[in-house]
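In: attaching a predicted model along with its sequence, questions to come.
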Amino acid sequence: MTSYKLNKISVSIAATLASALALTASTSAFAVQEMNLAFTPPLNSHYGEAGQAFAEEIDRLSDGEFKINLRPASALGGERDVLEGLQIGSVELTLTSTGPIGNFVPSVYALDFPFLFRDYDHAHKVLDGEIGQSLLEEFEDEGLIGLAWAENGFRHLTNSVRPVKTPEDMEGMKIRTMENQVHLETFKALGAAPTPISWTEVITALQQGTIDGQENPIPILTVNNMWEIQDYLTLTGHVYSPTALVMSKIYWDDLSEEQQGWFREAAQVAAQTSRDAVQRIEEEGVDLLRSNGMEVVTEIDYEQFRAAAEPAYERYADQYGSELLERIRATE
């Protein structure tokens, strides 16, 4: 074979290899990156609606570069388990209540003091303003990225012992609370026997009578058919409960600045979706719970409950920021 023909074949092979490598690089550059978004409520919940909105917005902003897989119903573990997973990189994203976050970012406990927020408008102004954003920034030191404050709602009390109209009615009741020192002290002050257990164990504990009651926002009560295992609901609204959309810093650091912008923008869409969902569910939820047999106490003496819960402030206000609590109260 002549030298000319050999050179021609070599050039042809080189061109083919270059084209193949270019195609491989192009395919790799546009390969879909899949991430898990874990949360404890079921998919048909306000968490699920927020998660779906986040997934759709990320897909739109990234033009399909990122795919978010929703992992509801504690599929990847309880809230604390998942947060620890974010720290080590075994989970990418989560929607979580503030209860377990305080174990990593203690100042977040300031949001969990009883009867602190006047209403939803007050809570949103605090969380969307300088206070809320400063708290999110503290997550990074713990290997977490706080993307946005979403919504869980004002928490209310259910039980199967008796209707609760005064703090004295709670005397001795075993009430499940989150793993949260402020919540524990609040329910002790109200006369109950607070029992901090993971949400993954709550339904079974209620069914078996291990605990007498629990406290959660209306959307959590309705999506879990609480009327099947609890007889009484009291609209105490004792604590406002936000939800945080959190990302693993390990994965965040691998994103470009533009990509990070997509995730923050999608988080805001998810946050607003959750707030809209909570408002809609609350408007219908109390009637749904009542129509399915729960006795609902709608009128209580809030000042009496607030005064009874004061020991929580006396014990923990200085530890978690009395100045911060005053700034929250002063927000208009």
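Out: Right, received. Where do you want to start? The model shown is predicted, which means the values in this text are computed figures rather than measured ones.
In: buried sites along the longest helix belonging to the chain?
Out: Using DSSP state H, we find that the single longest helix of the chain is helix 257-291. Using 16 or more other C-beta atoms under 10 Å as the test for burial, helix 257-291 gives 259-260, 262-263, 265-275, 277-278, 281-282, 285-286, 288-289. Every residue, glycine included, has its C-beta placed from N, CA and C.
In: what about Ala150, neighbour count?
Out: Neighbours of Ala150 under the rule other C-beta atoms under 10 Å: 28.
In: and it, what helix or strand is that in?
Out: If you go by DSSP states H and E, Ala150 is part of strand 144-159.
In: following element in sequence after that strand, please.
Out: Defined by DSSP H and E, the subsequent element after strand 144-159 is strand 174-177.
In: output the contacting helices and strands for that next one.
Out: If you count contacts as 3 or more C-beta pairs under 8 Å, 6 or more residues apart in numbering; DSSP states H and E, strand 174-177 packs onto helix 181-189, strand 193-196, helix 202-208, strand 213-217.
In: next, the contact list for Gly89, please.
Out: By C-beta atoms under 8 Å, 6 or more residues apart in numbering, Gly89 lies in contact with 248, 250-251.
In: what about the one residue sitting closest to the centre of the chain, which SS state?
Out: Residue closest to the average C-alpha location in the chain (C-alpha atoms, centre = their mean): Thr96, at 2.4 Å. Following DSSP: H, G, I helix; E, B strand; the rest coil, Thr96 is assigned to strand.
In: now do the contacts for it.
Out: 39-40, 79, 82-83, 243-244, 246.
In: and what of Asn180?
Out: 98-99, 102, 109, 112, 196.
In: how far away is it from Ile131?
Out: 19 Å (C-beta to C-beta, to the nearest Å).
In: what's the answer for Pro217, then?
Out: Distance of Pro217 to Ile131, given as C-beta to C-beta: 21 Å.
In: more neighbours: these two, which one.
Out: Neighbours per residue, other C-beta under 10 Å: of Pro217 and Ile131, the larger number sits with Pro217, 24 against 16.
In: who does that one bridge with?
Out: Beta-bridge pairing for Pro217 (DSSP bridges): Arg155.
In: among the helices and strands packed on strand 174-177, which is the most enclosed?
Out: strand 213-217 (a mean of 25; mean count of other C-beta atoms under 10 Å).
In: so what does that strand touch, helix or strand wise?
Out: With contacts defined as 3+ C-beta pairs under 8 Å, 6+ apart, the packing partners of strand 213-217 are strand 144-159, strand 174-177, helix 202-208, strand 232-248.
In: remind me which residues of the stretch 201-332 of the chain are low pLDDT?
Out: Along the stretch 201-332 of the chain, the model assigns pLDDT under 70 to no residue.
In: hang on, the earlier thing: which one of the helices and strands packed on strand 213-217 lies closest to Glu65?
Out: strand 232-248 (15.9 Å; C-beta to C-beta).
In: circling back to that earlier point, and the angle from the strand holding Ala150 to helix 181-189?
Out: Interaxial angle, strand 144-159 versus helix 181-189 (axes from the mean of the first three to the mean of the last three C-alpha atoms, to 10 degrees): 20 degrees.
In: how far away from the center of its chain is strand 144-159?
Out: Centroid displacement of strand 144-159 relative to its chain, using C-alpha atoms, centre = their mean, to the nearest Å, is 6 Å.
In: then stretch 324-332?
Out: Worked out by C-alpha atoms, centre = their mean, stretch 324-332 lies 23 Å from the chain centre.
In: next: stretch 125-137.
Out: Taking C-alpha atoms, centre = their mean, one finds the center of stretch 125-137 at 15 Å from the center of the full chain.
In: just stretch 294-303 next, same as before
Out: That offset, for stretch 294-303, works out to 26 Å (C-alpha atoms, centre = their mean).
In: what do you get for stretch 321-332?
Out: That offset, for stretch 321-332, works out to 23 Å (C-alpha atoms, centre = their mean).
In: other residues contacting that stretch?
Out: Outside stretch 321-332, the residues that touch it by C-beta under 8 Å, 6+ apart are 107, 110-111, 113, 116-117, 122, 125-126, 129, 131, 313, 317.
In: farthest pair in the residues you listed?
Out: Gly129 and Tyr313 (22.2 Å).
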